[in-house]
Every structure is written in structure tokens, then in C-alpha cells.
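Student: here are the coordinates; sequence isn't available:
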């Protein structure tokens, strides 16, 4: 494959990733978000909030997924910011996961998590309460935790596969570039 084609492929991947990440909070635009604006200075001074290293993405995937399915709609971004600071996780990934529950998906997702939670309560007896509202809240929370962890495991597998493919692609690019780079002769 010619060098220009490999470089174009690499640049195309980079452009697509930037387009996807444009709407999410970054260190440079954290002040634009109403909830996070008050904490902008604290967020800017914590580099792990913006790091895409494995040790910062994995907690964001798991905590963010569980939080996305919890019955805390409306407070999720604020809770995600606090949770990201506590568990030293990537804020961008954490906030992106909160977009799973939005006005269009809220009712179906909460119905699903309630059904999963109710099924688990019936099978295990854990969280069983006689009161109607408390039982529903317990089912929502338990279902949110279980569904969130299941989604997090799927996202973890996808993250690992994408990271592996990115490392493989980068290594192929470096190998090709090293093989086709002509070093100037030393004039002596």
C-alpha cells in the first residue's frame, strides 16, 4: 500500500474521531457546559479527566454505564463529573455514556431496567419490600446496576478491540514508514 494511502487512511480515522468527540467536554471547552462550568478550573487541573489511557477509560466505562441506567435523569452529568474526580476516570467518556438516557430513550430504558430488577428481586428476594414505591425504586436501582454492568462489559470488550486495532494500525504505519524512508548519506 503506498505511503500516501496509508497516511490518508490514518488522517480519515482521526477526522472521524474528532467529529464524534467535538460535542463532548474537553479541557478546552469545559466552560461551555452549564453543569460543569462551575467546576471548570478544578476539572482543567486534573489531567486524568482528559486522558484516554487504559487506567482512566476503564473506570469511566464501568461507572459511567451504571450511572447512565440509574434513576437519576437530569443529575447525571453533575454526578458523572463528581464520580470521574473520585474514581480518577475520563470525563469525556463518562459524559458520553450519560447520553444513552435521553428524552427519547428514557422510558424504554427505565422500563427495561425495572423489569430486570423486578425479575432479580423475585428470583433472589434481595431488595424485596412490601411498599409499592420502594419496591419499584429498588427494582429500578438493582436493574440499573445489572444492566449498566452488562453494557459496561460489552463496551470494555469493544474498547479493547479498538485499542488493539489502533495499535496494530499504528505499528503497520511505522513499519511501512521506516522501510520506505531514505536516510541522507553523510558527507564526510
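Tutor: Structure's in. What do you need? These figures come from a predicted structure and were not determined experimentally. Numbers count the residues shown, from 1 in each chain.
Student: Report the buried residues of the helix or strand harbouring residue 110.
Tutor: Element membership for residue 110, per DSSP states H and E: helix 106-124. Across helix 106-124, burial judged by 16 or more other Cβ atoms under 10 Å covers 109, 110, 113, 114, 116, 117, 118, 120, 121. Quick note: C-beta positions are derived from backbone N, CA and C, even for glycine.
Student: count of neighbours near residue 138?
Tutor: Counted with other Cβ atoms under 10 Å, residues neighbouring residue 138 total 20.
Student: just checking, it touches residue 114?
Tutor: No. Using Cβ atoms under 8 Å, residue 138 makes no contact with residue 114, being 9.9 Å away.
Student: and the next element down the chain from the worst-scoring helix or strand of the chain on mean pLDDT?
Tutor: Across the helices and strands of the chain, mean pLDDT, DSSP states H and E gives its lowest value to helix 34-37, namely a mean of 68. Using DSSP H and E, the helix or strand that follows helix 34-37 towards the C-terminus is helix 40-44.
Student: any idea of the mean pLDDT in the helix or strand following that following helix?
Tutor: Per DSSP H and E, the first helix or strand lying C-terminal to helix 40-44 is helix 54-68. The pLDDT scores in helix 54-68 average 94.
Student: Helix 54-68 to helix 106-124, inter-axis angle?
Tutor: For helix 54-68 against helix 106-124, the angle by axes from the mean of the first three to the mean of the last three Cα atoms, to 10 degrees is 90 degrees.
Student: who touches helix 54-68?
Tutor: Residues from elsewhere that reach helix 54-68, judged by Cβ atoms under 8 Å, 6 or more residues apart in numbering: 48-49, 76, 79-80, 83-84, 87-91, 93-98, 100-101, 144-145, 148-149, 151-152, 155-156, 159, 163.
Student: Tell me the buried residues in it?
Tutor: Buried residues in helix 54-68, counting neighbours by 16+ other Cβ under 10 Å, are found at 56-68.
Student: Which helix or which strand is home to the residue nearest the centre of the chain?
Tutor: The residue lying closest to the centre of the chain (Cα atoms, centre = their mean) is residue 93, at 3.0 Å. Assigned by DSSP H and E, residue 93 belongs to helix 91-98.
Student: Also residue 157?
Tutor: helix 132-180.
Student: now that helix, how far from the centre of its chain.
Tutor: Centre-to-centre, helix 132-180 and its host chain are 8 Å apart (Cα atoms, centre = their mean, to the nearest Å).
Student: picking that back up, spit out the contact partners of the residue nearest to the centre of the chain.
Tutor: 52, 57, 60, 61, 64.
Student: what's the spacing between it and residue 12?
Tutor: Distance, residue 93 to residue 12, using Cβ to Cβ, to the nearest Å: 22 Å.
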